[in-house]
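A.B. asks: Sequence first, then the predicted structure:
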Amino acid sequence: MATSIQLSPESLCDGLDQLCIQKLELMDNFIKSNMMLESKMRGGFFLLGKTRYALGNKAVSALQLPNEEREVDALATAVMTPVPLEGYEGDILYQHVDTKFQDPVVTLVEEDEEEEAPDKMVIDDEVQMEGLRRRFKNTEDEDPFNENGIEELESSERKVKIFNRDPIRWFTALPPQTLRQAQSEFKSALQLTSQCATLKLKLRAVNKEYSRLKEIKAKLESLEKEP
């Protein structure tokens, strides 16, 4: 629906009719999305109940949730995309709400040896003896641990650690199939929530445009009635 409508009673009526149809379609999609959201949430809680029945009533509860002192990174975030202005042709502008899921598996690369001061660094017997030999050969102004000693002690080998931040592992190390299905249902519910938010924003923009055209039509009708 274009907002750049000619100021004539016929074009205004056509624009209002099209906006009414668009409002009805958005309301229908919004109701269907809410019904699907309720179904996903109901299925997720039902699967959580089955998991508690299989693992025990205390296996899946609030006791396994992290406390306030523990920092937890959210793996699902809601992102609002900016309104695209490129290629604008007079359509109604509204923002989109999307849900982004991060990969719970994180790979960290750590060095084997910690970075310490040269006087506190642990050196084996052979390297220490080699440093002593260099110290006798060097002059007083030269530092034997300036470049050669430290570079030789630095290790290029690194350890790779893999961390799994999946919240499903808060409850058990080996999640059952019902718990994985419940997680999938709740992820779908998050996506439907973003879809409902986008439809609500678009419906609000259509209502605003409908009110604006209605005011313009009322002003035109008042001007035509004046002698």
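C.D. replies: Good, I have the coordinates.
A.B. asks: quick one, phi/psi of T107?
C.D. replies: In terms of degrees, to the nearest 10, the main-chain angles of T107 are phi -110, psi 120.
A.B. asks: quick one: contacts for it?
C.D. replies: Counting by C-beta atoms under 8 Å, 6 or more residues apart in numbering, T107 touches 160-163. C-beta here means a position set from N, CA and C on the backbone, and glycine is covered the same way.
A.B. asks: next one: K208
C.D. replies: So K208 contacts nothing (C-beta under 8 Å, 6+ apart).
A.B. asks: and with 10 Å instead?
C.D. replies: 92, 94 (C-beta atoms under 10 Å, 6 or more residues apart in numbering).
A.B. asks: pLDDT of the helix or strand containing it, averaged?
C.D. replies: Counting by DSSP states H and E, the element that carries K208 is helix 177-225. Averaging pLDDT along helix 177-225 yields 90.
A.B. asks: in the protein, which spans are helices?
C.D. replies: Using DSSP state H, the helices of the chain run over 9-55, 125-137, 148-153, 177-225.
A.B. asks: quick one: Q18 and L213, what's the gap?
C.D. replies: According to C-beta to C-beta, to the nearest Å, Q18 and L213 sit 10 Å apart.
A.B. asks: and the residue nearest to Q191 when sequence neighbours are not counted, how many neighbours?
C.D. replies: Spatial nearest neighbour of Q191, chain neighbours left out: T99 (5.2 Å); criterion: C-beta to C-beta, 6 or more residues apart in numbering. Burial of T99 is recorded as 17 neighbouring residues (other C-beta atoms under 10 Å).
A.B. asks: Below-threshold pLDDT in this protein: ranges please.
C.D. replies: Along the chain, the model assigns pLDDT under 70 to residues 1-7, 84-91, 110-158, 226-227.
A.B. asks: cutoff 50 now
C.D. replies: Flagging of the chain using pLDDT under 50 yields the residue ranges 1-5, 115-129, 131-155.
A.B. asks: Let me see the contact set for the residue nearest the centre of the chain.
C.D. replies: Among the residues of the chain, the one closest to the centroid is T77, at 2.4 Å (C-alpha atoms, centre = their mean). Residues counted as contacts of T77 (C-beta under 10 Å, 6+ apart) are 98-102, 190.
A.B. asks: try V83
C.D. replies: Contacts of V83 (C-beta under 10 Å, 6+ apart): 93-96, 205.
A.B. asks: any residues touching stretch 30-38, and which ones?
C.D. replies: In this structure, residues lying in contact with stretch 30-38 by C-beta under 10 Å, 6+ apart are 188-200, 202-203.
A.B. asks: cutoff 6 Å now
C.D. replies: 189, 192, 195-196, 199 (C-beta atoms under 6 Å, 6 or more residues apart in numbering).
A.B. asks: nearest residue to R52 other than its sequence neighbours?
C.D. replies: Once flanking residues are discounted, R52 sits nearest to V60: 4.8 Å by C-beta to C-beta, 6+ apart.
A.B. asks: my bad, should have said E221
C.D. replies: With C-beta to C-beta, 6+ apart, the residue lying closest to E221 is P9, at 7.6 Å.
A.B. asks: ok, that neighbour to G15 distance?
C.D. replies: 11 Å.
A.B. asks: More neighbours: the two, which one.
C.D. replies: Taking neighbours as other C-beta under 10 Å, P9 and G15 compare with G15 leading, 21 against 11.
A.B. asks: H96 against T198, yeah?
C.D. replies: Yes: between H96 and T198 there is a contact under C-beta atoms under 6 Å: 5.2 Å.
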